[in-house]
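Colleague: Structure, please.
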Amino acid sequence: MNSTTCFALVLCVGGVASLAAAEEAFKLKAVTTEEPAAAAESAPAAPASDYVKAVSPRANFAISNKRWHDDPEVFWKGFLTGLRGFEHFYEPLGNPLYFESPFNTSGLRFLYLHHEFANKSQLGGGDLNVVAVQARLAITERLSLIATKDGFSWLDANVLPREEGWNSLAAGAKYAFYVDRDLDLVATGGFRWMTMSGEKKVLQGGVHELSPFISAAKGWDKFHLIGNFTWRAPLDGDDGNSIIQWDLHADYEFFPETLKGFAPFVELHGLHYLDDGTRTPLTVGGADYNNLGSSGVSGSTVIWFGVGARWKLTPHTSIGADYEYPLTNRNADIFGSRVTVDFMLTW
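Modeller: Next comes the predicted model:
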């Protein structure tokens with residue numbers, strides 16, 4: 001096990017151990033649903049045991065602003081309900097396996113991706129189709145368990161046989177260590193562990209990967225920013241590449257009265273390969289699809305942008321779609337272009 005892997009393990013173990021201490025160190029600020037502006041100016045910070053149950057008064061939805069339930073307390077406060085009061089934000093869509101938002105919720109996210117390979121890349125063109133379901137479970141108001149990778153892939157790269165098979169699995173946890181509803185600001189840290197359970201015939205499996213991350217969101221009225229930084233550390237020596245990734249999402253509600261719950265967005269994603277692996281003799285990496293352990297990618301960077309929109313139908317449902325295209329040399333890696341569609345169902 002190399003020094004990079006050891007440091008990643010220490011980082012994540014330390015993060016998990018500090019969750020209980022962090023629970024006491026930070027306090028949530030609760031804002032009442034009536035007269036939100038006045039409450040934000042006059043009300044003192046609420047103790048950490050208090051939590052918001054109502055939908056954010058700044059949130060708009062196409063069909064209904066009411067929840068299907070009254071947030072009943074199950075076991076303890078915060079279980080299933082998670083972190084309320086940020087429903088006016090719009091969840092990001094691109095790079096769905098690694099772009100984890102800072103919001104703590106329970107729910108399912110159904111995903112479909114159509115990924116095109118560049119014709120002059122080492123894979124010789126072709127495409128990849130993926131269907132998957134992500135799951136999140138709020139344990140407390142700030143802590144949740146996440147399952148971010150699974151699903152099934154259909155791979156049709158021109159230099160490889162046409163194949164289909166199961167993807168690797170990845171799961172972890174995240175914790176909202178800073179929450180300020182008055183400032184419309186939340187920050188979260190967490191980690192994922194990807195197993196090598198996927199099938200190699202669709203370029204899955206092959207390496208265990210640990211990926212600690214930090215994400216944050218800030219709102220200014222109808223404008224919202226969400227950012228994420230991830231470090232992907234292989235746990236099997238040279239079987240994988242060490243990778244850093246970053247993501248930025250910006251959305252704006254242009255017509256909140258006529259198109260309620262609808263916001264277009266732009267996103268910027270990037271990753272940088274820190275070293276080479278020895279598992280595959282490729283000069284292209286796996287980008288965000290998988291960690292291929294390619295032998296000729298050290299020092300290379302892939303940057304791509306996305307344009308799309310999300311439509312929040314109710315406090316429990318939303319749909320989104322975006323189109324992504326590389327800003328760097330599209331022939332130097334597997335990223336030709338991508339269309340992503342999702343449906344989110346939350347508690």
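Colleague: Pull out the buried residues from stretch 318-329.
Modeller: Using 16 or more other CB atoms under 10 Å as the test for burial, stretch 318-329 gives Ser318, Gly320, Asp322, Glu324, Pro326. Placement of C-beta: from N, CA and C, glycine included.
Colleague: among those residues, which two are most distant?
Modeller: Greatest spatial distance among the buried residues of stretch 318-329 (CB to CB): Ser318 and Pro326, at 26.8 Å.
Colleague: Rebuild the buried residues of stretch 318-329 as TSV, extending it with pLDDT, secondary structure and distance to Pro92.
Modeller: Below are the buried residues of stretch 318-329 laid out as TSV (pLDDT from 0 to 100; DSSP: H, G, I helix; E, B strand; the rest coil; distance: CB to CB, whole Å):
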residue	pLDDT	secondary structure	distance to Pro92
Ser318	98	strand	12
Gly320	98	strand	9
Asp322	98	strand	9
Glu324	98	strand	12
Pro326	95	strand	18
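Colleague: Going by distance to Leu185, which of those wins?
Modeller: Among these, and counting by CB to CB, the member closest to Leu185 is Ser318, at 21.7 Å.
Colleague: show me the contacts for that closest one.
Modeller: Each residue near Ser318 by CB atoms under 8 Å, 6 or more residues apart in numbering is listed here: Tyr90, Glu91, Gly261, Arg310, Trp311, Lys312, Phe343, Met344.
Colleague: got it, and Gly94?
Modeller: Residues in contact with Gly94 (CB under 8 Å, 6+ apart) are Asp247, His249, Glu267, His269, Trp304, Gly306, Gly308, Asp322, Glu324, Arg338, Thr340.
Colleague: doesn't it fall inside a strand?
Modeller: No: judged by DSSP: H, G, I helix; E, B strand; the rest coil, Gly94 forms no part of a strand; its state is coil.
Colleague: Spatially nearest residue to it, not counting backbone neighbours?
Modeller: Gly306 (3.9 Å; CB to CB, 6 or more residues apart in numbering).
Colleague: quick one: that neighbour from Asn95, how far?
Modeller: The gap separating Gly306 from Asn95 is 8 Å, by CB to CB, to the nearest Å.
Colleague: now swap in Gly172 and tell me
Modeller: Gly172 is 16 Å from Asn95, by CB to CB.
Colleague: which residues of the stretch 1-150 of the chain score low on pLDDT?
Modeller: Scanning the stretch 1-150 of the chain for pLDDT under 70 picks out the ranges 1-51.
Colleague: And the helices in it?
Modeller: 3-17, 19-25, 36-42 (DSSP state H, counting those that start in this stretch).
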